[in-house]
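>>> Here is my input; please provide its structure:
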Amino acid sequence: MGVTLPPVAVWADVAVSVTWLRHAEAPRPVLSNLDPIPQDRGRAGAELALRDNQTTGRFLGQTYELTVVEVAPDDDLLPAARAALAQSPYLVLDAPTASQLSIADLAEAQGAILFNASSGDTALRADSCRANLLHTMPSDAMKADALMQFARKKRWENLALIEGAAPQDAAWSQALRASAAKFGMSLKGEKQWLFDADMRRNAAQEVPLFTQDLPKHDLLLISDVANDFARYIAYNTWEPRPVAGSEGLMPVAWAPVVEQWGAAQLHSRFHDLAGRDMTPHDYAAWAAIRALGEAVTRTNAGDADTLRAFLLSDAFELAGFKGRPLSFRPWNGQLRQPIPLVTRAALVAQAPLEGYLHARTELDTLGLDQPESGCTRFEQE
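Numbering: from 1, shown residues only. Here you go, the predicted structure:
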């Protein structure tokens, strides 16, 4: 997809307004309070990106404005979305999958550019995709593929899985199963974690008994998105095996332990703004608004049609502090990006790993490639 950039001589002032729209989810009961969710999660990333865009725009006659809208769990999100779209065609969404699809299907959203900065649901990049919805949050499939590349390289080919009882745990487990099959590895056994007790006192007694009957395996996968129990599995299993997934070796969009490629500088600026570490939701919101700012800078345009065409073109690149330029997949709107594989204390590796090749870019070895996606909405544009 080609995009012709205007010569500098015809550049003019451009004003861009963006709305960060969050549909809060009702907090579910948790068994551990060790990882509280920041109240400004996502929003702080959007605010940092706004500052970055304003810094560049100041020299080019481009201005940016960010509007923050948060909707309570029991309130209807669509009136807020309609009101935001009446002001600007650019929305960054922190909302569940169903809410994002409802917004994308609004008549007012046709021709808009929406960014999914929260949901890893692979279906949003597959048969449930929408042509007006781009994704800066990595899909579950991308993260699972990153982990399986590492496991394959280590020759940890026999896997076992412990799955939590929450719906998001089932989705993460399914991504892990699909990726294991994709990379030719075998899931030897699965168990569901049904304990409803705090493990801080009982892990040393309960976990060995729970894992005793798992088949022989090289790597134990844990699917516990809320981290209710995953932290207590390591070093307590019946057989001494590495753990990965929601604990141990974790594939993430972003983590404080990523320090190379200028990431430490991004961390520092974020910490100065928010007084805390940057989360994956913050990074996804930051990437969405920075991508929009990069498109405005390169095209000197503020209309959605021009910016969307550029974002999905081969000419678009975003410096994302991950060692490689980031770009959008034109067949489903997913932002290509490396996936750090981290522990709580260190960066272990970054996928795609060396040796995993692709005719287009090695980044497309992570997640749904074009023949796999089943997304046809972008082809109709």
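>>> I'd guessed Val348 sits against Val342; true?
Yes. Counting by CB atoms under 8 Å, Val348 touches Val342, with 6.3 Å between them. Where you see a C-beta, it was placed from the backbone N, CA and C, and this is true even at glycine.
>>> Which of the two has more residues huddled nearby?
Between Val348 and Val342, Val342 has the larger neighbour count (other CB atoms under 10 Å), namely 21 against 15.
>>> residues contacting the more buried one?
Taking CB atoms under 8 Å, 6 or more residues apart in numbering, we find Val342 in contact with Leu249, Met250, Val252, Ala255, Val257, Val258, Val348.
>>> Return the distance of stretch 240-249 from the chain's centre.
Here stretch 240-249 is found 20 Å from its chain centre; the criterion is CA atoms, centre = their mean, to the nearest Å.
>>> cool, and stretch 313-329?
On the basis of CA atoms, centre = their mean, stretch 313-329 is displaced by 15 Å from the centre of the chain it belongs to.
>>> tell me which residues of stretch 164-173 are tucked away?
By neighbour count on 16 or more other CB atoms under 10 Å, the buried set for stretch 164-173 is Gly164, Ala166, Gln168, Asp169, Ala171, Trp172, Ser173.
>>> The second one and Phe229 touch, don't they?
No. Proximity of Ala166 to Phe229 does not meet the contact threshold set by CB under 8 Å, at 10.9 Å.
>>> now the end-to-end length of stretch 212-225.
One end of stretch 212-225 sits 23 Å from the other (CA to CA, to the nearest Å).
>>> Can you name the residues in contact with that stretch?
151, 154-164, 166, 168-170, 172-173, 176, 188-189, 191, 193, 211, 230, 233, 237-239, 241-248.
>>> Got a quick ChimeraX command for the buried subset of these?
In ChimeraX, this line selects whichever of those come out buried by 16+ other CB under 10 Å:
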select :151,156,157,158,159,160,161,162,163,164,166,168,169,172,173,176,189,193,211,230,233,237,241,243,244,245,246,247,248
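>>> burial count for Ala263?
Neighbours of Ala263 (other CB under 10 Å): 22.
>>> cool, Glu25 as well?
13.
>>> same check, this time on Ala309
18.
>>> Mind pulling up the pLDDT for it?
As predicted, Ala309 sits at a pLDDT of 97.
>>> for the lowest-mean-pLDDT helix or strand in the chain, which positions count as buried?
Here the helix or strand of the chain ranked lowest by mean pLDDT, DSSP states H and E is helix 203-211, holding a mean of 83. Within helix 203-211, the residues that qualify as buried are Ala203, Glu206, Val207, Phe210, Thr211, counting by 16+ other CB under 10 Å.
>>> In contact with the third one, which residues are there?
Yep, that's Val207 we're talking about. Contacts of Val207 by CB under 8 Å, 6+ apart are Met199, Tyr232, Ile233, Asn236, Thr237.
>>> my guess is the second one meets Phe210, correct?
No. Using CB under 8 Å as the test, Tyr232 is too far from Phe210 to be in contact (10.4 Å).
>>> Now stretch 359-368: buried residues?
Result for stretch 359-368 [16+ other CB under 10 Å]: buried residues Glu362, Leu363, Asp364, Thr365, Leu366, Gly367, Leu368.
>>> Let me know the helix or strand that the residue nearest to Gly248 when sequence neighbours are not counted is in.
Excluding the flanking residues, the one nearest Gly248 by CB to CB, 6 or more residues apart in numbering is Ala234, at 5.6 Å. Counting by DSSP states H and E, no helix or strand carries Ala234.
>>> Any idea how many residues pack against the residue lying closest to Arg130 once chain neighbours are set aside?
Excluding the flanking residues, the one nearest Arg130 by CB to CB, 6+ apart is Ala104, at 3.9 Å. Neighbour count for Ala104, taken as other CB under 10 Å: 23.
>>> Run through the residues that contact Leu91.
Leu91 neighbours (CB under 8 Å, 6+ apart): 18-21, 81, 84-85, 103, 109, 112-115.
>>> do that again at 6 Å, thanks
By CB atoms under 6 Å, 6 or more residues apart in numbering, the contact list for Leu91 reads Thr19, Leu21, Ala84, Leu114.
>>> Using the three-state scheme, assign the last one.
Three states are possible here, and by DSSP: H, G, I helix; E, B strand; the rest coil the one that applies to Leu114 is strand.
>>> just the second one next, same as before
In three-state terms, and counting by three-state DSSP, Leu21 is strand.
>>> Then Met148?
helix.
>>> buried sites along stretch 78-90?
Going by neighbour count (16+ other CB under 10 Å), the buried part of stretch 78-90 is Leu78, Ala80, Ala81, Ala84, Leu85, Ser88, Pro89, Tyr90.
>>> Isn't the fifth one up against Gln110?
No. Taking contacts as CB atoms under 6 Å, Leu85 lies outside contact range of Gln110: 9.7 Å.
>>> so where does Leu176 fall, helix or strand?
helix 167-182.
>>> Next: Lys188.
Counting by DSSP H and E, Lys188 is found in strand 186-192.
>>> Now do that strand: which elements does it pack against?
Secondary-structure packing of strand 186-192 (3 or more CB pairs under 6 Å, 6 or more residues apart in numbering; DSSP states H and E): strand 158-163.
>>> helices or strands up against the strand it packs on?
In terms of contacts (3+ CB pairs under 6 Å, 6+ apart), strand 158-163 is packed against helix 167-182, strand 186-192, strand 219-223.
>>> Any stretches of the chain with poor pLDDT?
Scanning the chain with the threshold set as pLDDT under 70 gives 1-12, 28-34, 196-201, 380-381.
>>> So which residues of it form helices?
Ranges of helices in the chain, per DSSP state H, are 43-57, 77-87, 97-104, 140-154, 167-182, 203-211, 263-274, 280-299, 304-311, 370-373.
>>> What's the separation between the residue nearest to Ala274 when sequence neighbours are not counted and Asp272?
Nearest residue to Ala274, sequence neighbours excluded (CB to CB, 6+ apart): Ala44, at 4.0 Å. According to CB to CB, to the nearest Å, Ala44 stands 11 Å off from Asp272.
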